[in-house]
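Participant: model this:
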Amino acid sequence: MTTTTVETPAPAAGPAPAGAPRKQRGRGRRGPLASLASHGVLTVAALTALFPIAWLVFLSLGPDKDDYLHPGGIWKKMTFDNYSFVLGHTNFFYWMKSSLIVSLGTTLIGVMVAATTGYAVSRMRFPGYRKLMWVLLVTQMFPIAVLIVPMYQILSDLRLIDSYLGLILVYCSTAVPYSAWLLKGYFDTIPFEIDEAGRVDGLSPFGTFVRLILPLAKPGLAVAAFYNFITAFGEVAFASTFMLDDTKYTFAVGLQSFVSEHDAQRNLMAATAVLVAIPVSVFFYLVQKNLVTGLTAGGTKG
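Facilitator: Presented below is the predicted three-dimensional model:
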């Protein structure tokens, strides 16, 4: 008796196990190459921005007015004599006093006027409120050269030529329109319900503005204050025209005293420019916490 064996085929091998799933990159995360590229671009941008400042400081250490022509020789003869001369033999401290008075005065008055204007247009609907904002915008279209003559005549009639108040008012006339537009856009982002809550609590419209709205608008106010300060601090045309006494010159005008028709003391100009940057840097440090927030929030609504 013979037996037959039936061979059953071996089960077919299943598909090979798939490899481990690829790790998914989270949203907002960049790969190493993209991160390296972005850091490289930011580094180059930072160095590009810092180079003029470093070069200015380097030139200010050269003792001769022509050292900028051969800057390599400054390394062997660096000195702080330029700073000593500027601080001790020029009207530097008069220029600083004038610049701070004019810049801080413009900042205080300009922000106050712009804030009330922006809040009124943002919250109140009175006849011509839209035209008011367009008029403020149109005033920015006129160049300084066109405005100098009529402003000089007005200040002369008011006997404000060669006075800090006159120069402050001139700067406010150019800084307030832009600041009003900026703050109007920022006030639009603050819910109107806050105003209604203030009215329910018995606050007047001005009390609501001062006690509730202004504390919430600190970022926008910081941007407006910085713009007003920089506008007044670095302006030359108005200051050189309306200020006649050299002890009332601002920094921007005082720098021109180092340049004559046939000569230019560039080493002293560089040292003065470095010293001039200190007040601006301090003011920027004081407002920088709210500066970015105010710049971005102010443009969300028109």
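Participant: grab the nearest non-local neighbour of residue 74.
Facilitator: residue 62 (4.2 Å; CB to CB, 6 or more residues apart in numbering). Heads up, the C-betas are built off the backbone N, CA and C, glycines and all.
Participant: that neighbour contacts residue 265, doesn't it?
Facilitator: No - using CB atoms under 8 Å as the test, residue 62 is too far from residue 265 to be in contact (11.3 Å).
Participant: which of those two has more neighbours?
Facilitator: residue 62 (24 against 18; other CB atoms under 10 Å).
Participant: where in the stretch 1-150 of the chain is pLDDT low?
Facilitator: 1-28 (pLDDT under 70).
Participant: what do you get for the stretch 151-300 of the chain?
Facilitator: 290-300.
Participant: and the helices in it, which stretches?
Facilitator: 164-187, 192-200, 205-208, 214-216, 218-234, 237-242, 251-254, 266-297 (DSSP state H, counting those that start in this stretch).
Participant: buried sites along the second one?
Facilitator: Same thing as helix 192-200. Buried residues in helix 192-200, counted by 16 or more other CB atoms under 10 Å: 195, 198.
Participant: same for that helix, what does it pack against?
Facilitator: Here helix 192-200 touches helix 205-208, going by 3 or more CB pairs under 8 Å, 6 or more residues apart in numbering; DSSP states H and E.
Participant: which residues sit against the helix it packs on?
Facilitator: 194-195, 198-199 (CB atoms under 8 Å, 6 or more residues apart in numbering).
Participant: what does stretch 130-145 give?
Facilitator: 117, 121, 173-174, 176-178, 180-181, 184, 237-238.
Participant: compute the first-to-last residue distance for it.
Facilitator: The straight-line separation of the ends of stretch 130-145 (CA to CA, to the nearest Å) is 28 Å.
Participant: if I look at the residue nearest to residue 74, how far off is residue 77?
Facilitator: Using CB to CB, to the nearest Å, we find residue 62 at a distance of 7 Å from residue 77.
Participant: again, but for residue 251
Facilitator: 27 Å.
Participant: neighbour count for these two, which is higher?
Facilitator: Neighbour count, other CB under 10 Å: between residue 251 and residue 77, residue 251 has more, with 25 against 12.
Participant: check whether that one really touches residue 97, as I assumed.
Facilitator: No - checked against CB under 8 Å, the pair residue 251 and residue 97 is beyond contact range at 10.4 Å.
Participant: ok, back up a step: quick check, the residue nearest to residue 74 in a helix?
Facilitator: No - Residue 62 sits outside any helix when classified using DSSP: H, G, I helix; E, B strand; the rest coil, being coil.
Participant: phi, psi of it?
Facilitator: Dihedral angles of residue 62 (phi, psi; degrees, to the nearest 10) stand at phi -80, psi 130.
Participant: got a list of what it touches?
Facilitator: 68, 71, 73-74, 77-78, 82, 267, 270.
Participant: returning to that earlier point: nearest approach to residue 50 belongs to which of the helices of the stretch 151-300 of the chain?
Facilitator: helix 266-297 (12.6 Å; CB to CB).
Participant: tell me what angle that closest one forms with helix 164-187.
Facilitator: 30 degrees (axes from the mean of the first three to the mean of the last three CA atoms, to 10 degrees).
Participant: what angle sits between helix 266-297 and helix 218-234?
Facilitator: 160 degrees.
Participant: other SSEs contacting helix 266-297?
Facilitator: Using 3+ CB pairs under 8 Å, 6+ apart, helix 266-297 sits against helix 32-60, helix 81-89, helix 92-123, helix 218-234, helix 251-254.
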